[in-house]
Structures are given as structure tokens and as C-alpha cells.
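Student: Kindly generate the corresponding structure for this input.
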Amino acid sequence: MTTMEIINSFEVIKKVDGNFRIYIKVIAKQEDNYYIGKWRDRKQLPNHFSQLEDVKIIPTKTRRPAMNSRWTTGPPTGDFYAKEPAFQDYVDPELEERIEHEI
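Tutor: This next block holds a predicted model:
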């Protein structure tokens, strides 16, 4: 079994056929990639990557809006806030559009 580092976890409640289903979404890092998967035990997080269900890679390296020539790069330090999307946002198909509205 492959080990992993758990970055974040949060509960998700879904209504399926009139019944509520509760499970844990786990964001994990394995080697140089980030993944999001499902886990059903609310009391204990998984120990190994192979225990996660419905695992999807989080495309953090290729998800960003196309650069616009009117944009400028901020200084490396200063009195400002740079907003970054949460890991679960990277699986949103409209991420680039949402980021572009905030620039």
C-alpha cells in the first residue's frame, strides 16, 4: 500500500434517494501530486492512499487563467493580500473564469 500525506479533510452531506449520506472528502498528497477522494469513516482518517474511494487528481499545475497583457505581477512582499483557490476549487470546471473575475 502507498502512503500519503493528508492535507485537508471535510465532511460532505448529500441527499441520495431521500436519505442523507455523510462522508469525508480527503485532500491528499502523494509524491508530487495532489488528490481528492472519499472516505466513509468519520472517526478515523485513512492511513493509505489505496483506502480512498472515487479518487481524482487535482490538476494544480495546469489550472490557471490565460495571462492577459494588461495584468501586472505584484511585488514579492508588501502590504497586500494574494487570494489563492482552495485545493477543492481546482476540480471546479469553471475555476479559470472565477479567478479571472477576481483579478
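Student: For the rest of this, base every contact and every neighbour count on C-alpha atoms.
Tutor: Noted.
Student: now the strands for this protein?
Tutor: 5-16, 19-30, 33-39, 53-58 (DSSP state E).
Student: I'd like those laid out as CSV, including mean pLDDT, distance to Glu94 and mean neighbour count.
Tutor: Listed next are these as CSV, based on pLDDT from 0 to 100; distance: least, C-alpha to C-alpha, whole Å; neighbours: other C-alpha atoms under 10 Å:
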stretch, mean pLDDT, distance to Glu94, mean neighbour count
strand 5-16, 87, 21, 12
strand 19-30, 89, 20, 17
strand 33-39, 89, 17, 20
strand 53-58, 88, 14, 15
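Student: Between these, which one is closest to Asn47.
Tutor: Smallest distance to Asn47 across those (C-alpha to C-alpha): 8.9 Å, for strand 5-16.
Student: Quick check: pLDDT value at Ile99.
Tutor: Note on Ile99: pLDDT of 69.
Student: next one: Arg64
Tutor: Reading off the confidence values, Arg64 has pLDDT 66.
Student: same check, this time on the one 5 residues further on
Tutor: In this prediction, Ser69 carries a pLDDT score of 78.
Student: Next, count neighbours for it.
Tutor: Look at Ser69: counted by other C-alpha atoms under 10 Å, it has 6 neighbours.
Student: again, but for Asp89
Tutor: Neighbour tally, Asp89, other C-alpha under 10 Å: 14.
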